[in-house]
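Trainee: Give me a 3D structure for the following:
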Amino acid sequence: MKLTEEDRHFTTFITPYGWFLHYRGPMGFTATGDTFCLRGDMALQGVQNCVKVIDNLLLYDEDYITYLHHIHEVLTRCRKFWITLNKDKFVVVTPTVNFCGYNLSGDGISADQQNLSPCPPVLALFDQDLPTVLQTDVSHLNGIGYALLQDHGNGHLHLVQCGSHFLTDAEAHYATIKLEMLAIVSAMTKSVRRAGKLLCVLVPLSRAPVSYPTQEDEFSGVSSAVHLRTVIAMNTVTLSNESSAQDANKILQDLRDAARADPAYTRLLDCVTSGLPRMVTDGDLVLYGARVVVPATLRRRTLSHLHDSHRGVEATKCRARQSVFWPGIDYDIVNMVRAYKACQILQPSQQQESLINDANPTRPFESVSADFFVVTRKACLVVADRLSG
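Mentor: Alright, predicted model coming up:
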């Protein structure tokens, strides 16, 4: 299909040898396919017993002579409108024909088996009296998959539930043993493990996860280990390498004493106990995810411990996000770091470098720019010509 002269410049493309344009509609151009279908419909308009789907034609009749007349009429129309037919796909007088994914015959219409994907396994109902197996698998580059199965006798495992989700950016950097544990915890909170090569259901799930982690995933499993997380969190903030377990116990006891003496903290504890989402309790303490909610009387001391290495605002915020929480903690960290005179005096000077401009190119591909970027966990290379953009 020829393009009008005034529209040919819209198809211009650049090569190392110069600029080129199309004189006819290029393959893959949306308007080309639409125009092709429209012209084909107009060319065969009025032909009886003719079915056209994009570039597929089907002719049918009740008797042989009429059928041949229709074939002659279609071929005449194709010659008139310069339509070329594929001789390898041209079939005349056949009892069965495959057309648009269906098999047509005198017995009726049936789906083409080659186009049918395998049916997914039917989920079985959970039976608490049957042996249950929870299988998990993890892919370092993609995500987590799990399957809950039950043995219905003679080693026949029936699928009860399965699922998968992508890894977060932080989880993608976990060690393998931590990822395996993460997969187990995630699977157990959603619903006897086997070797990886035997997990026929899980390997595809972990290699091709179908969803991203939800807030429920991020906060699931917290209540099962809140006391351990409390100890670890406070060790991260307050203890040096020489500190002992007795120091940790003393810090936790100070937290509990301060919590019991704080009326606002006590009301928060009652709300969490009544079912406040995204928070759990550990005795007299409240945890926001894996972070300890610090009573008001201990916040200044906690800020001092967070900043004991004098690493700046962002590093201090990052340390706090791993261990402690209270409303407005980021704002308090910014004010504390900026008010610390020694940090302001010794901070590195950020001198802005002058912008260096290269000479403008004079021809296509004389100067190009290239860079790598990652989208949906796939590495891509982008190259741009500086002259044409």
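
Trainee: Pro131 and Cys162, how far apart?
Mentor: 18 Å (C-beta to C-beta, to the nearest Å). For every residue, glycine as well, the C-beta is placed using N, CA and C.

Trainee: Among those two, which residue is more densely surrounded?
Mentor: Shown here are Pro131 and Cys162; by other C-beta atoms under 10 Å, Cys162 has more neighbours (20 against 12).

Trainee: A strand includes the more buried one, no?
Mentor: Yes: checked against DSSP: H, G, I helix; E, B strand; the rest coil, Cys162 lies within a strand.

Trainee: which residues pair with it across the strands?
Mentor: With DSSP bridges as the criterion, Cys162 is bridged to Ala147.

Trainee: any idea of the pLDDT on it?
Mentor: We have a pLDDT of 87 for Cys162.

Trainee: What is the burial count for Tyr288?
Mentor: Count around Tyr288 with other C-beta under 10 Å applied: 17.

Trainee: which SS state does Lys52 fall under?
Mentor: strand.

Trainee: which residues does the closest residue in space to it that isn't next to it in sequence contact?
Mentor: Spatially, and ignoring its direct neighbours in sequence, Lys52 is nearest to Leu44 (5.9 Å; C-beta to C-beta, 6 or more residues apart in numbering). Going by C-beta atoms under 8 Å, 6 or more residues apart in numbering, Leu44 touches Cys50, Lys52, Leu57, Val74, Arg77.

Trainee: which SSE is the third one in?
Mentor: Using DSSP states H and E, Leu57 sits in strand 56-59.

Trainee: just the strands in the stretch 201-350 of the chain please.
Mentor: With strands called from DSSP state E, counting those that start in this stretch, the stretch 201-350 of the chain shows them at 279-282, 285-288, 291-293, 324-325.

Trainee: With mean pLDDT and distance to Leu157 as extra columns, can I get those in CSV?
Mentor: Written out in CSV, the entries for those read as follows (pLDDT from 0 to 100; distance: least, C-beta to C-beta, whole Å):
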stretch, mean pLDDT, distance to Leu157
strand 279-282, 85, 34
strand 285-288, 88, 37
strand 291-293, 89, 40
strand 324-325, 91, 43
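
Trainee: In CSV: those, plus distance to Ser388.
Mentor: Below are the strands of the stretch 201-350 of the chain laid out as CSV (distance: least, C-beta to C-beta, whole Å):
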stretch, distance to Ser388
strand 279-282, 55
strand 285-288, 52
strand 291-293, 51
strand 324-325, 51
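
Trainee: what's the closest of the ones you listed to Cys380?
Mentor: strand 291-293 (35.4 Å; C-beta to C-beta).

Trainee: Contacts for that closest one next, please.
Mentor: Under the contact criterion C-beta under 8 Å, 6+ apart, strand 291-293 has outside partners 230, 233-234, 255, 265, 268, 279, 285-287, 320-326.

Trainee: still on that earlier bit, what residues of the helix or strand that the strand holding Leu57 is followed by count as buried?
Mentor: Under the assignment DSSP H and E, the closest C-terminal helix or strand after strand 56-59 is helix 64-80. Across helix 64-80, burial judged by 16 or more other C-beta atoms under 10 Å covers Tyr67, His70, Glu73, Val74, Arg77, Cys78.
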